[in-house]
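Peer 1: Provided below for reference: sequence and predicted model.
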Amino acid sequence: MSMKRVITYDNRKIEINEPTISVWKLLYTTKDVVDETEIQLNLIKASTGLTDDELKEVEYHEIHSVASSLMMFYNNLDTKFYETFEFKGKKYRFADLPRMSFGQYVDLDSFGKGSELERIDGLNKYMSMLYIGEGDDPNDLDLRKERAEVFNELPIKYYLGAHGFFLSLGQILQGNTTDYLILKVKGWLMKTMKKINRSIPFGDGIQRFQSWLKTILPKLTKSRNNL
């Protein structure tokens, strides 16, 4: 599903692009909002950078129309797992989990112990641990910090796919094998995945967020149709 919507402000058309990690963070802070108008404005503000005062100058119908389209788009976000992707001219590859260093494991584990707000705010840091630039040293902390900054603008679909992969990995690793070394790796990965999935409420957060969207979407659509 493509994201090709624009909103007109001050005689200029502002394109609404695919949601990024930074946009997702902003939207997550509004998950408990119940006022429909505020929800619509928050969606558009997060997606365009426009302020409340600027949006007051936008036509009422346009706000409803764009907000409804955003809701529909978010309810159909791509959740495919990407082992590799290219972003801002650089190729990234999912971390080699069996060869993950003890330091990398400790960092993931420590990240999972933060508060929910800290973990949501650190989505870009989380992704910088999971995806490494081709040719980069996965243990280079300076490069990881650089990735984290760049990943603030990373499309959220890459996180959704990575999280879904984590969830499925736990099931895959429950399969039987007679290889002792593979069993050791599987045991370590199972332990790691359980800790991450238990301590990082991203899945629950996304489910709550999507449930919130699905609850509000019919109301927004109905409001638009009644204009």
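Peer 2: Good, I have the coordinates. Numbering: from 1, shown residues only.
Peer 1: the helices in this structure, which residues?
Peer 2: Applying DSSP state H to the chain gives helices spanning 21-28, 36-48, 52-55, 60-74, 102-112, 116-121, 123-130, 141-150, 156-172, 180-199, 202-225.
Peer 1: what's in contact with the shortest one?
Peer 2: In other words, helix 52-55. Outside helix 52-55, the residues that touch it by Cβ atoms under 8 Å, 6 or more residues apart in numbering are 9-10, 41, 44-45, 63. Heads up, the C-betas are built off the backbone N, CA and C, glycines and all.
Peer 1: about what we covered before: any idea which of the helices of the chain scores lowest on pLDDT?
Peer 2: Among the helices of the chain, helix 180-199 carries the lowest mean pLDDT, at a mean of 46.
Peer 1: hey, what's Y92 bridged with?
Peer 2: With DSSP bridges applied, Y92 shows beta-bridge pairing to F85, G133.
Peer 1: and it, what is it in contact with?
Peer 2: 84-86, 131-134, 147 are the contacts of Y92 under Cβ under 8 Å, 6+ apart.
Peer 1: mind giving me CSV with those residues and columns for neighbour count?
Peer 2: Listed next are these as CSV, based on neighbours: other Cβ atoms under 10 Å:
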residue, neighbour count
T84, 10
F85, 16
E86, 10
Y131, 24
I132, 21
G133, 19
E134, 10
R147, 24
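Peer 1: pick the one among the residues you listed closest to S110.
Peer 2: Ranked by distance to S110 (Cβ to Cβ), the contacts of Y92 are led by R147 at 17.5 Å.
Peer 1: am I right that the closest one is in contact with S128?
Peer 2: Yes - look at R147 against S128 with Cβ atoms under 8 Å: they come within range, at 3.8 Å.
Peer 1: and the residue positioned nearest the centre of the chain, how far from D78?
Peer 2: For the chain, the residue nearest the mean C-alpha position is I156 (3.7 Å; Cα atoms, centre = their mean). I156 is 9 Å from D78, where distance means Cβ to Cβ, to the nearest Å.
Peer 1: and Y126, how many neighbours does it have?
Peer 2: Using other Cβ atoms under 10 Å, Y126 is surrounded by 24 other residues.
Peer 1: for it, give me its contacts.
Peer 2: Applying Cβ under 8 Å, 6+ apart, the residues near Y126 are 108, 111, 119, 159, 200.
Peer 1: before we move on, the earlier item: want to throw the contacts of Y92 into JSON lines with distance to T20?
Peer 2: As requested, those are exported to JSON lines (distance: Cβ to Cβ, whole Å):
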{"residue": "T84", "distance to T20": "19"}
{"residue": "F85", "distance to T20": "13"}
{"residue": "E86", "distance to T20": "15"}
{"residue": "Y131", "distance to T20": "15"}
{"residue": "I132", "distance to T20": "20"}
{"residue": "G133", "distance to T20": "18"}
{"residue": "E134", "distance to T20": "22"}
{"residue": "R147", "distance to T20": "14"}
